[in-house]
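Participant: Quick one, structure for this:
(2 chains)
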Number of protein chains: 2
Amino acid sequence: MKEISEKMEDDRSLLIRAIKLAEDGIANGGGPFGAVIAVKGQILAEAVNRVVANSDPTAHAEVQAIREAASLLKSHDLKNCTLYCSCEPCPMCLGAIYWAGIGKVVYASDRHDAELAGFSDRYIYDEIILSPSDRHISFVRIENTGGEEVFKIWEKHENRITY
Amino acid sequence: MKEISEKMEDDRSLLIRAIKLAEDGIANGGGPFGAVIAVKGQILAEAVNRVVANSDPTAHAEVQAIREAASLLKSHDLKNCTLYCSCEPCPMCLGAIYWAGIGKVVYASDRHDAELAGFSDRYIYDEIILSPSDRHISFVRIENTGGEEVFKIWEKHENRITY
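Facilitator: Residues are numbered from 1 along each chain as shown, chains lettered A, B, ... in the order given. All right, here's what the predicted structure looks like:
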C-alpha cells in the first residue's frame, strides 16, 4: 500500500478523493476525471485522465488506475479491489473493470452529466448495443481468413493461462 | 510508417496479418488475439494480447495497437486509421475505438467464437446493457459528493481541449 493512505477510509471519503483528483487534474492539463483503487479502504492506486496530455485515447482515469494497480500487484486480477471514480465509467472503462475482475465500483456523476460537459460516454453506450453493421463506425467482418483456427491453436497450447 | 510495410495492402491481407500476429503471440506467452492499425493500406502499428504476460488487464491487442499508433502520431485522434483485429473487439476495445475515432474496423472471428475459447467478451456485452444496479459487479452511485461540480470547473477552464 502507498504511503498516501495507511488508514482505512470509507466509500464516501474515497470517492471524494477521486473527485478531488479530477479537479486537480484539470489544472495540470488533464480531463475532468479521477479514479482511486483501494483494497479494504486502503489506497493502492490513483490516477487522472491524461488522454490529451499523453496522446493516448485509452488514458482514462479508471484505465490508468487499473494499469497501475495491476502493475503493483503483479497480476491482471484485481478481484479484491474497489474502484472509486468521479464519473460513471464509460464502456471502455467498464470493459477494463470486468477484465480486471474489480469487486465493486463507486461513482458520483453519470454518463448524462458527462454528455452535458461534451464527452461521448452516453453516445458510446448507445452505439455498443447496435449490431456491428448498424454503428456509426463501420465494423466489417471478413470470413474464411483463419480467425477461428487461432482459438483452436490456443486450446491446444499447453501453457495457456485463461482469464 | 514502419518499414514493415511500404506497400499498400488490402483489407483481407491486413486482417490475415492480424490473425498471424495472434497465432505467433500464443507461442510468445500472449493471448490468442492480434491487431494491426493501418492508414490507407500502410501498416502503422501492430500488437498482440499481453494481459497475462504484462500483468495488465487492459493489454488487449486492439488497445495496445491504439496506444502505439496514437504515440507515433502524437495525437489521441486516429480518424484516418483502420483497425484490423483477429476477433471482434470486446466492449473495452470498442470503447477505445470510439474514443480514438478510428474510421473503420475489420475483424474475423466474433464474441461467440471467443466465448467458446473461454473468454468473457459476450458476457461483458450482456452486462453492459444492464442498469448499473443490476450487474454482477456492484456499481454504486453516491450523490452529493461534488462530482457534477468538477464538470462546471472544466467548462470554465480556459485551456480545455475537448475530444
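Participant: quick one: A:Arg122 is in a helix?
Facilitator: Yes. Assessed with DSSP: H, G, I helix; E, B strand; the rest coil, A:Arg122 lies in a helix.
Participant: separation between it and chain B?
Facilitator: Per C-beta to the nearest C-beta, to the nearest Å, A:Arg122 is found 12 Å from chain B. From N, CA and C alone the C-beta is placed, and that goes for glycine too.
Participant: Now do the contacts for that residue.
Facilitator: Applying C-beta atoms under 8 Å, 6 or more residues apart in numbering or on different chains to A:Arg122 gives the contacts A:111-112, A:114-115.
Participant: helix or strand for the residue nearest the centre of chain A, which one?
Facilitator: Of all residues in chain A, the one closest to the mean position by C-alpha atoms, centre = their mean is A:Cys93, 3.0 Å from it. In this assignment (DSSP states H and E), A:Cys93 forms part of helix A:91-100.
Participant: neighbouring contacts of that helix?
Facilitator: Contacts of helix A:91-100 (C-beta under 8 Å, 6+ apart): A:58, A:60, A:62-63, A:66, A:69-70, A:76-78, A:81, A:83, A:85, A:89, A:105, A:121, A:124-125, A:128, A:163, B:51, B:57-58, B:60, B:90-96, B:98-99, B:120, B:123-124, B:127-128, B:137.
Participant: Any part of the longest helix anywhere in chain A near chain B?
Facilitator: Looking across chain A with DSSP state H, the single longest helix is helix A:11-27. Yes. With C-beta under 8 Å from any C-beta of the partner chain as the measure, helix A:11-27 is seen reaching chain B through A:11-12, A:15-16, A:19, A:22-23, A:26.
Participant: And the helices in chain A?
Facilitator: Going by DSSP H, chain A shows helices at A:11-27, A:61-73, A:91-100, A:111-116, A:121-128, A:147-156.
Participant: Just the buried residues of the first one, please?
Facilitator: Just to be clear, that refers to helix A:11-27. Within helix A:11-27, the residues that count as buried by 16 or more other C-beta atoms under 10 Å in any protein chain shown are A:11, A:14-19, A:21-23, A:25-26.
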